[in-house]
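>>> below are the sequence and a predicted model for it; my questions follow.
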Amino acid sequence: MKLLIFISLYVAVVNSMVVHKAPTLTSNEPTKINKYKRAKSTSFIDGESYIVFDKTMETLNEDWVSDGWNLKEDAVKIIDGTIQVDMPAGAGFAISSRSLDSQYGELTFEYKLSVTDSTTKLNLLTYEGDNPDKYIYLQTYLYSGEDYDTVKIPIKNYQKNEYISSIKRFAFQNYDNNKDYKLYLRKIVYKDIKIEVEKYEAPISIIDTKECKLSPYWEDISENPNIFTFEMVDNECIIKIDTVMDEGVSFKFKSGKFYGGKFEMVTKSENNGSLIYWSASNSDDPDTFKEGKSYQLTTSYNTYVDNELEDVDSEYDTINISTFSDKLECSISKLTFAPILVDCEIQLYETTHIDEPDVILSDGELLWDPKIWGSTKCEREEVNGYMECSFEGKPSSWPDFGFQTNNSYDKGTLVVEMKVLNPNQSVNIICFDTDNVNHNVETFLAKTEFDIYKFKLLHFDELATNAYAIQEASQQDNTYYIKNIVYYPDYIEIPSSPIPTRTKTNTKTPTDPPKTEEEIYNEKGYNSCTLGTKVSFTDVNGIWGIENDKWCAILSKNLETCWSILYGYKCCTESATVNEGSAWGNEEDGTKCGIQNACWAEELGYECCSRKDTNIIFIDENGLWGATKDNKWCGIV
């Protein structure tokens, strides 16, 4: 049995039962970052797979050697196609490659332990190069079966969410168990995955084809804005330009400067032979100018590409389109530019790019998932069009109205329309990174009448943001009335009326039913796991298992059927044998099962609670954790 623990190694060693404390405020300042000239976009190419060991072999692959720590001299044996390691508590068994040159990849191994008490763990480590002192904690697996478990895990530095400069060594560790056991390994395969940093960013369209207007990433700074229009022609958005020599259009890139890029245009002219050219310039420095290629147009649409702009000594922010002809009348159906950015922030994570603001709460209706903490009760007042949240003030309780998304965001602005019952009590705006660590954004006093507040969100260089909360910070009773909440990424301009009007396209109708979990995962290329599949991995996008050597999505409805589904076991039937004092039993055929309505957390000194009463706040090797109304941890059943 295996389950990813989202904690760094130095936390993991504290105790086998690790839970986060109730949210408290952290630093107001994000981590400072360095800036470099580089592109961020990357691609991944499957490389060679290295069979370190399998059950047909009598020794390790000749390129790999083994060692370890706290092991007896004869602790490691290979018997009948299986590596068998006698591992005292705290001991480790390591394998190292002599020649592997990898920065990213995927490790697959099959293992079992001699101890099957459902509480014994196996740690997996990797290293920077082959230096045994520079270890990187990867994952902890809880073993609860009698057969081999298969593990498949991407290899990177999960604590910093970055790639490793040199992957050559892995280790399996008996840690935090206070018992000895024997480790069995019958398959170890490492697949190298090559990382290619693209020269350009992803192409950024100058045309907003959906709204048929200028894309929000660009600003029109043309001297004469009347020489071009946006028109829908045969269900396609077209830029029509009608101009003369020395008078063109200019579009300024809003997200910073670039020193090169790839220009692409699909266009035609009303007259054969018209000459058109593009250029790059700096809106702050008229002397910084670089002319691109020129093209002789025809009356049919043609694609024109220029990827030769690259000038590391200059900085540009504007794309210009002009003509050498006395008169130009042309239609452009595609216009994109893939920049090489200057001073781009080096993000160690992927962010979700959106073309319009993300509406979180609209007229009191929460469109994201709730992430509520503490003695908080929130109900939508549909007639009044707001969410009413009542907070019970208790010392160190920090109650909040929180909300989370499957998207990954960076800095931006959170727009909140709200009022409060008691105006002289502090309100905190906090954000959560994808490690569920909270950061204070701003503390303010709200009014007793509805008003719109804007909060600048933080940038973090190691983790994206996927949740926010409005927190009662005074430790006293209060009630919030919240109408609207909207997230604006940094690259979308906030209009004078920042609350978008909901249209019919946002309304679910019988002819456009909501997508099921299965449909959502299928669109992303994943199948749904069968009932009883063990959890192998969790992230912001879902809970994952492995079937037929492929990732599959474990559906929420399957987890709700029985708490022990999380571990890959069904709940016990009436004919099962119940183990007294335990949350586990056995069916007549010997299959392990979870006792219905049993509280597995009692063995750890905690109460149990229902998913109806609390959100999932934390997952560790023991199970799903939530919080009771008096802010105590509870195991979800």
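Done, it's in.
>>> which stretches of the stretch 351-500 of the chain have low pLDDT?
For the stretch 351-500 of the chain, the stretches with pLDDT under 70 are 395-397, 461-462.
>>> show me where it has strands.
358-362, 365-366, 369-370, 376-381, 386-391, 400-409, 412-420, 427-433, 438-444, 451-456, 465-472, 478-489 (DSSP state E, counting those that start in this stretch).
>>> any idea which of these is most buried?
The highest mean neighbour count among these, using mean count of other C-beta atoms under 10 Å, belongs to strand 465-472: a mean of 25. No exception for glycine: its C-beta is placed from N, CA and C like everyone else's.
>>> and the angle for that strand with strand 386-391?
Counting by axes from the mean of the first three to the mean of the last three C-alpha atoms, to 10 degrees, strand 465-472 lies at 70 degrees to strand 386-391.
>>> who does strand 465-472 touch, helix- and strand-wise?
Applying 3 or more C-beta pairs under 8 Å, 6 or more residues apart in numbering; DSSP states H and E, one finds that strand 465-472 contacts strand 400-409, strand 412-420, strand 427-433, strand 478-489.
>>> repeat that for 10 Å
Packing partners of strand 465-472 (3 or more C-beta pairs under 10 Å, 6 or more residues apart in numbering; DSSP states H and E): strand 376-381, strand 386-391, strand 400-409, strand 412-420, strand 427-433, strand 438-444, strand 451-456, strand 478-489.
>>> between the strands of the stretch 351-500 of the chain, which one is nearest to V115?
Closest to V115 of the strands of the stretch 351-500 of the chain is strand 427-433 (C-beta to C-beta; 35.6 Å).
>>> now the strands of the stretch 351-500 of the chain as a markdown table including distance to E62?
What follows is the strands of the stretch 351-500 of the chain, written out as a markdown table (distance: least, C-beta to C-beta, whole Å):
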| stretch | distance to E62 |
| --- | --- |
| strand 358-362 | 53 |
| strand 365-366 | 59 |
| strand 369-370 | 51 |
| strand 376-381 | 61 |
| strand 386-391 | 64 |
| strand 400-409 | 42 |
| strand 412-420 | 53 |
| strand 427-433 | 43 |
| strand 438-444 | 50 |
| strand 451-456 | 57 |
| strand 465-472 | 45 |
| strand 478-489 | 51 |
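>>> and L183, which of those is closest to it?
Closest to L183 of these is strand 427-433 (C-beta to C-beta; 34.2 Å).
>>> orientation of the closest one relative to strand 451-456 in degrees?
In terms of direction (the same axes, to 10 degrees), strand 427-433 departs from strand 451-456 by 40 degrees.
>>> for strand 427-433, the distance to its chain's centre please.
18 Å (C-alpha atoms, centre = their mean, to the nearest Å).
>>> report the angle between the axes of that strand and strand 412-420?
Interaxial angle, strand 427-433 versus strand 412-420 (the same axes, to 10 degrees): 140 degrees.
>>> which secondary structure elements does strand 427-433 contact?
By 3+ C-beta pairs under 10 Å, 6+ apart, strand 427-433 packs against strand 400-409, strand 412-420, strand 438-444, strand 451-456, strand 465-472.
>>> turn the ones you listed into CSV, including distance to Q103.
CSV is the format used below for the helices and strands packed on strand 427-433 (distance: least, C-beta to C-beta, whole Å):
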stretch, distance to Q103
strand 400-409, 22
strand 412-420, 31
strand 438-444, 30
strand 451-456, 35
strand 465-472, 26
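>>> mind checking which of these is nearest S528?
Nearest of the helices and strands packed on strand 427-433 (C-beta to C-beta): strand 400-409, 16.5 Å.
>>> how far away is the spatially most central residue of the chain from N428?
Nearest residue to the geometric centre of the chain (C-alpha atoms, centre = their mean): S408, 4.7 Å. For S408, the distance to N428 (C-beta to C-beta, to the nearest Å) stands at 23 Å.
>>> check F444 too.
Distance from F444 to N428, by C-beta to C-beta: 8 Å.
>>> which neighbours do those two share?
The overlap between the contact sets of F444 and N428 (C-beta atoms under 10 Å, 6 or more residues apart in numbering) consists of A473.
>>> which residue packs closest to L125, ignoring adjacent ones?
A171 (4.3 Å; C-beta to C-beta, 6 or more residues apart in numbering).
>>> surely that neighbour forms part of a strand?
Yes. Secondary structure assignment places A171 in a strand (DSSP: H, G, I helix; E, B strand; the rest coil).
>>> burial measure for it, as a count.
A171 is flanked by 20 other residues according to other C-beta atoms under 10 Å.
>>> quick one: contacts for it?
Per C-beta under 10 Å, 6+ apart, neighbours of A171: 67-69, 92-96, 123-127, 132, 135, 138.
>>> from the residues you listed, which single one is nearest S166?
Nearest to S166 out of the contacts of A171 is Y127 (C-beta to C-beta; 8.6 Å).
>>> can you count the residues close to that closest one?
The number of residues packed near Y127 is 20, by other C-beta under 10 Å.
>>> what's the answer for the one 3 residues further on, then?
A count of neighbours around D130, defined by other C-beta under 10 Å, yields 16.
>>> who are the neighbours in contact with it?
Counting by C-beta under 10 Å, 6+ apart, D130 has contacts V65, A94, S96, S97, R98, L100, S166, I167, K168, R169.
>>> give me the buried entries from those.
A94, S96, S97, L100, I167, K168, R169 (16 or more other C-beta atoms under 10 Å).
>>> would you list those in a markdown table and tack on pLDDT and distance to I204?
A markdown table is the format used below for the buried ones among the contacts of D130 (pLDDT from 0 to 100; distance: C-beta to C-beta, whole Å):
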| residue | pLDDT | distance to I204 |
| --- | --- | --- |
| A94 | 96 | 46 |
| S96 | 95 | 44 |
| S97 | 95 | 41 |
| L100 | 93 | 37 |
| I167 | 95 | 34 |
| K168 | 94 | 39 |
| R169 | 95 | 41 |
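>>> Throw those residues into JSON lines and include secondary structure and distance to D117, thanks.
Supplementary listing: the buried ones among the contacts of D130 in JSON lines, determined by DSSP: H, G, I helix; E, B strand; the rest coil; distance: C-beta to C-beta, whole Å:
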{"residue": "A94", "secondary structure": "strand", "distance to D117": "26"}
{"residue": "S96", "secondary structure": "strand", "distance to D117": "31"}
{"residue": "S97", "secondary structure": "strand", "distance to D117": "34"}
{"residue": "L100", "secondary structure": "coil", "distance to D117": "36"}
{"residue": "I167", "secondary structure": "strand", "distance to D117": "33"}
{"residue": "K168", "secondary structure": "coil", "distance to D117": "34"}
{"residue": "R169", "secondary structure": "strand", "distance to D117": "30"}
